[in-house]
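# Have a look; sequence and predicted model below, questions after that.
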Amino acid sequence: MTKDSPWLFRTYAGHSTAAASNALYRANLAKGQTGLSVAFDLPTQTGYDSDHALARGEVGKVGVPISHLGDMRALFHEIPLARMNTSMTINATAPWLLALYVAVAEEQGAEIARLQGTVQNDIIKEYLSRGTYICPPAASLRLITDVAAYTQAHLPKWNPMNVCSYHLQEAGATPEQELAFALATATAVLDDLKGKVSPEVFPEMVGRISFFVNSGIRFVTELCKMRAFTELWDTITETRYGVTDPRLRRFRYGVQVNSLGLTEQQPENNVSRILIEMLAVTLSKNARARAVQLPAWNEALGLPRPFDQQWSLRMQQILAYETDLLEYDDLFDGNPAIDHKVAALKEAALEDLARIDAMGGAVAAIAHMKSRLVEANADRIARIESGETVVVGVNRWTEGEPSPLLGGQTPIMTADPTAEADQIARLHGWRQGRDPAAVASARNRCTSSGVANCAERIVFNATIRFRLRCRAR
């Protein structure tokens, strides 16, 4: 029997500065990581330069700060983008970050049409969970589909959107809600995209939509959820959008296992949680993730160290290369218990999906979905506080031996206290090096181009401006 190829091994990473993040990426790739997953800091996610007043104290804290081409160039220094599969967790500012990525790839001599990767580009879920939106919902939907239409014409191997149910679970969603709300977002995007690409290429665009999913500790239910996602997406793409090619109806997803369930108390227990949650997205061949990124055991405490990330990477490598998992067909086909649970999840999700469609789709139903998430999260917290949901080391078996992993100190990487000042100084230097006349000329070309597609204007015209050391305003 032919052994299956393993999924992409990723580590979600980025901190302090582009140079520091680049060093981390190259070290992880040398350890066997096979794809990149870029974390951006909050100012970059919300469209602020690092020296903006609202960015103060947040620069480089939860990801890497990117303000201009020089930052993006430093981020991927000596990393050949032509051979890389890069996931960028960026939403409201996705067109601009994609433009910077394309510009750096061009500088490296890469053939742009062959670039592979993903921008998350799911601004709808920002209204439901994270809050890092900039434009109103309808305008956000336009940005999402403009990026998708742009990639169809110029980046055919690029995934223009990760429909992100990950943050829905982090916000308290039940498995049924995670299924329904993610699929409602996907259908809203595809419904809008139909008017921006030709009918001939629309099925290919359906096949380029990917998902970013969460995997929690109830791993049997989570495994069934992935199988339900796979079956529901196959049905929706065939019946709603008329996609006849089964390959284009595949549910393609990447995953980060649950971070919400990682605990500060007895953090060594998180190693077991992470491993168990990974099984839910790898054991079932017919619903296996295309890419997996695992948090580190100590992420509830702070920023993980390189060793901590290596530990999580080794979990994936051992499962993929030391075990015989990839030598077998699906282990769960025909299992009545699995089939029953999958059917129940699908039925509940379809009821929710029909309710959202009746409201006018995901954009019109944002308030409804948000209220449901608030209720579900309150219920989740109440179950933990009452002890109905057991969390080992938190509400049960709280006494234990001191952990040698802690070693008497907090086992995390401390952020460089000088990183923000360094980033701002380099940003000022970048601005001072610009030609003001070139800036004005490039801005005029961008705003007066007459191109209707926002992403087309941003990427094509912005790459010219970036080469002129210009920063989009």
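Cool, the structure landed.

# And Pro336, how far from Ile384?
For Pro336, the distance to Ile384 under the criterion Cβ to Cβ, to the nearest Å works out to 31 Å. Where you see a C-beta, it was placed from the backbone N, CA and C, and this is true even at glycine.

# Those two - which one has more neighbours?
Shown here are Pro336 and Ile384; by other Cβ atoms under 10 Å, Ile384 has more neighbours (14 against 7).

# Helix, strand, or coil at that one?
Of the three states, Ile384 takes helix under DSSP: H, G, I helix; E, B strand; the rest coil.

# Check whether it really touches Asn395, as I assumed.
Yes: the pair formed by Ile384 and Asn395 meets the contact definition of Cβ atoms under 8 Å, at 6.2 Å.

# tell me the contacts of Ser165?
Lys125, Ala173, Glu178, Leu179, Phe181, Ala182, Phe211, Phe212, Val213, Asn214 (Cβ atoms under 8 Å, 6 or more residues apart in numbering).

# Not counting its neighbours along the chain, what's nearest it?
In space, and not counting its chain neighbours, Ser165 is closest to Ala182: 3.7 Å by Cβ to Cβ, 6 or more residues apart in numbering.

# Confirm that that neighbour sits in a helix.
Yes: the assignment for Ala182 (three-state DSSP) places it in a helix.

# per-residue confidence for the spatially most central residue of the chain?
Nearest to the mean C-alpha position of the chain, counting by Cα atoms, centre = their mean, stands Thr89 at 4.5 Å. Confidence per residue is given as pLDDT, and for Thr89 that number is 95.

# Next: Arg467.
Confidence score, pLDDT, at Arg467: 55.

# got it, and Pro304?
pLDDT recorded at Pro304 is 92.

# The residue nearest to the centre of the chain pairs with what?
The residues paired with Thr89 through beta bridges, assigned by DSSP bridges, are Ala39.

# any idea how far Asp329 is from it?
Computed as Cβ to Cβ, the Thr89 to Asp329 distance reads 33 Å.

# what's the answer for Asp146, then?
As for Asp146, its distance to Asp329 is 41 Å (criterion: Cβ to Cβ).

# So these two - more neighbours on which side?
Set side by side, Asp146 and Asp329 give different neighbour counts by other Cβ under 10 Å, the larger being at Asp146 (24 against 9).

# where does the more buried one fall, helix, sheet strand or coil?
Here Asp146 is recorded as helix under three-state DSSP.

# Near Met359, how many other residues are there?
Under the criterion other Cβ under 10 Å, the count of neighbours that Met359 has is 16.

# got any ranges where the stretch 1-150 of the chain has weak pLDDT?
Counting by pLDDT under 70, the stretch 1-150 of the chain contains low-confidence ranges at 1.

# which residues of it fall in strands?
8-10, 12-13, 36-39, 85-89, 116-119 (DSSP state E, counting those that start in this stretch).

# The first one pairs with which strands, and in what direction?
I take that to be strand 8-10. The sheet places strand 8-10 alongside strand 291-293 (parallel), with pairing taken from DSSP bridges.

# Going C-terminal from the strand it pairs with, what's the next secondary structure element?
Using DSSP states H and E, the helix or strand that follows strand 291-293 towards the C-terminus is helix 306-317.

# Could you identify the helix or strand that succeeds that next one?
Moving toward the C-terminus from helix 306-317, the first helix or strand encountered (DSSP H and E) is helix 336-358.

# May I have that next one as PDB, with CA atoms only?
Below are the C-alpha coordinates for helix 336-358, written out as PDB (Å, rounded to 0.1, in the frame of the first residue of the first chain):
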ATOM      1  CA  PRO A 336     -22.000   3.300  13.300                       C
ATOM      2  CA  ALA A 337     -21.200   5.500  16.300                       C
ATOM      3  CA  ILE A 338     -19.200   7.900  14.100                       C
ATOM      4  CA  ASP A 339     -21.800   7.900  11.400                       C
ATOM      5  CA  HIS A 340     -24.600   8.700  13.900                       C
ATOM      6  CA  LYS A 341     -22.700  11.600  15.400                       C
ATOM      7  CA  VAL A 342     -21.800  13.000  12.000                       C
ATOM      8  CA  ALA A 343     -25.400  12.900  11.000                       C
ATOM      9  CA  ALA A 344     -26.600  14.600  14.100                       C
ATOM     10  CA  LEU A 345     -24.000  17.400  13.700                       C
ATOM     11  CA  LYS A 346     -25.000  17.900  10.000                       C
ATOM     12  CA  GLU A 347     -28.700  18.000  10.900                       C
ATOM     13  CA  ALA A 348     -28.200  20.700  13.500                       C
ATOM     14  CA  ALA A 349     -25.800  22.700  11.300                       C
ATOM     15  CA  LEU A 350     -28.200  22.700   8.400                       C
ATOM     16  CA  GLU A 351     -31.000  24.000  10.600                       C
ATOM     17  CA  ASP A 352     -28.800  26.900  11.700                       C
ATOM     18  CA  LEU A 353     -27.600  27.500   8.100                       C
ATOM     19  CA  ALA A 354     -31.200  27.600   6.800                       C
ATOM     20  CA  ARG A 355     -32.100  30.100   9.600                       C
ATOM     21  CA  ILE A 356     -29.100  32.300   8.600                       C
ATOM     22  CA  ASP A 357     -30.100  32.100   4.900                       C
ATOM     23  CA  ALA A 358     -33.600  33.200   5.800                       C
END
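
# Right, I'll call it a day here.
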